[in-house]
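S.K.: Sequence below, structure please.
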Amino acid sequence: MRDDKDRIDFLVGEHAQKLSERLQAHRAQLFPPDAKRELRKFTSGEAADLLGVKDGYLRKLDLDGRGPSPEVRNGGRRYYSPADLQSLRVMLESGTNKKGTYLPGRRDEDHLQVITVINFKGGSGKTTTAAHLAQKMALDGYKVLAIDLDPQASLSALHGFQPEFDLLDGGTLYDAIRYDDPVPISDVIQKTYFTNLDIIPGNLDLMEFEHDTPRALLERDSNLFFTRVGDVLASVEKDYDVVVIDCPPQLGYLTMSALSAATAVLVTVHPQMLDVMSMCQFLLMVSNLLGVVSDAGGDMSYDWLRYVVTRYEPGDGPQNQMVGFMRNIFGDNVLNHTMLKSTAISDAGITKQTLYEVEKGQFTRSTYERAMESLNAVNGEIEALVQAAWGRNNGA
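M.R.: Residues are numbered from 1 along each chain as shown. Sure thing, here's the model as predicted:
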C-alpha cells in the first residue's frame, strides 16, 4: 500500500498550500497589508489624451483656478489622479453644448451594455483583454462593472484579490445566482482603486453553479439557469453604463447564463492554426447549445459580435495568414485593430498590474508606446461599437 506522502491528493494539496503561501508573500511585498492599493497618477499629457483636450488647455485651467489642482513634481510636471480626471470630465461636460463629449456614458433611454469576453481555449488573452477594456472604459468616463466568472480568478488577481485569502466567506457572483438563499448582487460588488470601476471577484465557489444546475434542472426549478445572471444585473442596471464579464474557458452553465445576459460578445482569438481549429469547435458548440437556450425562451440577440486578434506578432508570416483567413471568413465581425503580443503587457502582469497601471518609465519607450497604441486602438474600436449601440453618431 502506498505511503500517504505518495498519494496524489496529498502531493497536490501540499503544492497548492506552498504556492498559495508564496503568492501571498509576493503580494505582501508588492502591496503591504497596511497599504491601500492606489492607481498611479497620470502626467498632464496622459490626462489630456484621456480627456481629448490639449495639454496647454489643462495648464490654462489650472492657472485660472478651475477644476482640481494637479500635483506638481520636479521640473514643474503636473500629475492628475483618476479622481481628478473624473472631476475635470464633469466640469468640462457642464461647459459644452454637445452632450456626451466628456461623459460618454449611457443616457436614460440607453440600455446597459453587457459585454461577455469568451473563448473555449486558455491562453487566448481573454482575461488580459477583459481587464484592459474595463479599465480603459473607466478611465474614459464610463461607469463600469467587471465580473470575474472564471474560477481561476485571474481578473480578480489583476485587481488585487487573492481568492483563497480574500474570499474565505464567499463574495463571488455565485452567491447572487445560487438556487438556494441567494444574496443581493450589491452585496458582492466591491470598489476598486480605479475611479468608475467596480468588480465582482471570482474563486472556486463559481464551480458550484456548474454542479447545482443539473440538480435544479432535474427538479424543474422555475428559475431557469440561463436567466440568472441577467436577472441579478437588472437590479443594479441604473448604477452602470457597461458590464464586462470575463467568462471561464469552457462552455458551461456559467458561460451560457452570461451569454444570455449579454448585449454584446467579444471572442478573443490567438492567430495560430490550433487555436483557430479549437475556436471552430467552440463556435459549433455555442451555436448548438444557445439554439436550445433560445428555444427555451432565452434572449440570444446581440447588438454586436466581434472577434479580436490577440497576442499578434506582425512579423510572423503564419499569423498573418491566419488573420487574413479569419477576415476572409468573418468579414467585418473581426475588429480592424489587433492586440499585439508585448513584453510590456506580460511584464506588467508579473506585478499583477495592467499596462494602464504601470509607470511608462519601467519600459523602453518604443515597447511601451507600441503596446499602449495597440490596446487603445482595440478598446477605442469597442467603445465606438458601444456608442453605436446607443445610437450615437460617433459610433462606428
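S.K.: so what's residue 278 scoring on pLDDT?
M.R.: The model reports residue 278 with a pLDDT of 76.
S.K.: whoops, I mixed them up, residue 297
M.R.: 68.
S.K.: same question, residue 393
M.R.: pLDDT recorded at residue 393 is 69.
S.K.: Any regions of the stretch 1-150 of the chain where pLDDT drops low?
M.R.: 1-36, 122 (pLDDT under 70).
S.K.: Let me see the ranges of the helices in it.
M.R.: Counting by DSSP state H, counting those that start in this stretch, the stretch 1-150 of the chain has these helices, from start to end: 8-30, 44-51, 55-63, 82-94, 126-139.
S.K.: quick one: the third one to helix 82-94, angle?
M.R.: What separates the directions of helix 55-63 and helix 82-94 is an angle of 90 degrees, with axes from the mean of the first three to the mean of the last three Cα atoms, to 10 degrees.
S.K.: Distance from the chain centre to helix 55-63, please.
M.R.: In terms of Cα atoms, centre = their mean, to the nearest Å, the centre of helix 55-63 is found 32 Å from the chain centre.
S.K.: Give the buried residues for that helix.
M.R.: By neighbour count on 16 or more other Cβ atoms under 10 Å, the buried set for helix 55-63 is 58, 61-62. From N, CA and C alone the C-beta is placed, and that goes for glycine too.
S.K.: wait, doesn't residue 309 sit right on residue 266?
M.R.: No. The pair residue 309 / residue 266 is not scored as a contact, 11.6 Å apart, by Cβ atoms under 8 Å.
S.K.: Now for residue 243: which residues touch it?
M.R.: Residues in contact with residue 243 (Cβ atoms under 8 Å, 6 or more residues apart in numbering) are 112-115, 144-147, 233.
S.K.: okay, the angle between the helix or strand where it lies and helix 126-139?
M.R.: Using DSSP states H and E, residue 243 sits in strand 242-246. Per the same axes, to 10 degrees, the angle that strand 242-246 makes with helix 126-139 is 160 degrees.
S.K.: Which is the succeeding secondary structure element to strand 242-246?
M.R.: Per DSSP H and E, strand 242-246 leads on to helix 253-261 as the next helix or strand towards the C-terminus.
S.K.: quick one on the thing from earlier: tabulate the contacts of residue 243 (TSV), appending distance to residue 257 and neighbour count.
M.R.: Output for the contacts of residue 243, formatted as TSV (distance: Cβ to Cβ, whole Å; neighbours: other Cβ atoms under 10 Å):
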residue	distance to residue 257	neighbour count
112	16	18
113	17	27
114	11	26
115	15	25
144	20	27
145	16	25
146	17	28
147	11	29
233	11	22
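S.K.: The closest residue to residue 73 other than its chain neighbours bridge partners, please.
M.R.: Closest residue to residue 73 apart from its sequence neighbours, by Cβ to Cβ, 6 or more residues apart in numbering: residue 79 at 6.2 Å. Counting by DSSP bridges, residue 79 forms beta bridges with residue 43, residue 71.
S.K.: Against residue 71, how distant is residue 79?
M.R.: Residue 79 sits 4 Å away from residue 71, going by Cβ to Cβ, to the nearest Å.
S.K.: who touches both of the two?
M.R.: Here residue 79 and residue 71 have residue 41 as joint contacts, going by Cβ under 8 Å, 6+ apart.
S.K.: So between the two, which is more surrounded?
M.R.: Shown here are residue 79 and residue 71; by other Cβ atoms under 10 Å, residue 79 has more neighbours (16 against 12).
S.K.: and the gap between that one and residue 68?
M.R.: Distance of residue 79 to residue 68, given as Cβ to Cβ: 11 Å.
S.K.: Buried residues in the helix ranked longest in the chain, which are they?
M.R.: The residue-count maximum for a helix in the chain (DSSP state H) belongs to helix 365-389. Buried residues in helix 365-389, counted by 16+ other Cβ under 10 Å: 368, 371-372, 374-376, 378-379, 382-383, 385-387, 389.
S.K.: Return the distance of that helix from the chain's centre.
M.R.: 14 Å.
S.K.: Mind splitting the protein into its structural domains?
M.R.: 42-94, 113-389 (automatic domain parsing).
S.K.: so can I have CSV of those domains showing distance to residue 105?
M.R.: Below are the domains of the chain laid out as CSV (distance: least, Cβ to Cβ, whole Å):
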stretch, distance to residue 105
domain 42-94, 10
domain 113-389, 4
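S.K.: so which of these is the most packed in?
M.R.: Among these, domain 113-389 has the highest mean neighbour count (mean count of other Cβ atoms under 10 Å), at a mean of 19.
S.K.: for the stretch 201-350 of the chain, what spans make up the helices?
M.R.: Going by DSSP H, counting those that start in this stretch, the stretch 201-350 of the chain shows helices at 207-218, 228-234, 253-261, 273-295, 317-330, 343-350.
S.K.: Of those helices, which shows the lowest average pLDDT?
M.R.: Mean pLDDT per stretch puts helix 273-295 lowest among the helices of the stretch 201-350 of the chain, at a mean of 74.
S.K.: just checking, what packs against that helix?
M.R.: Contacts defined by 3 or more Cβ pairs under 8 Å, 6 or more residues apart in numbering; DSSP states H and E place helix 273-295 against helix 253-261, strand 264-269, helix 317-330.
S.K.: and these as CSV, adding distance to residue 237?
M.R.: What follows is the helices and strands packed on helix 273-295, written out as CSV (distance: least, Cβ to Cβ, whole Å):
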stretch, distance to residue 237
helix 253-261, 11
strand 264-269, 15
helix 317-330, 31
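S.K.: So which elements touch the longest helix of the chain?
M.R.: strand 113-118, helix 126-139, strand 264-269, strand 304-309, helix 343-350.
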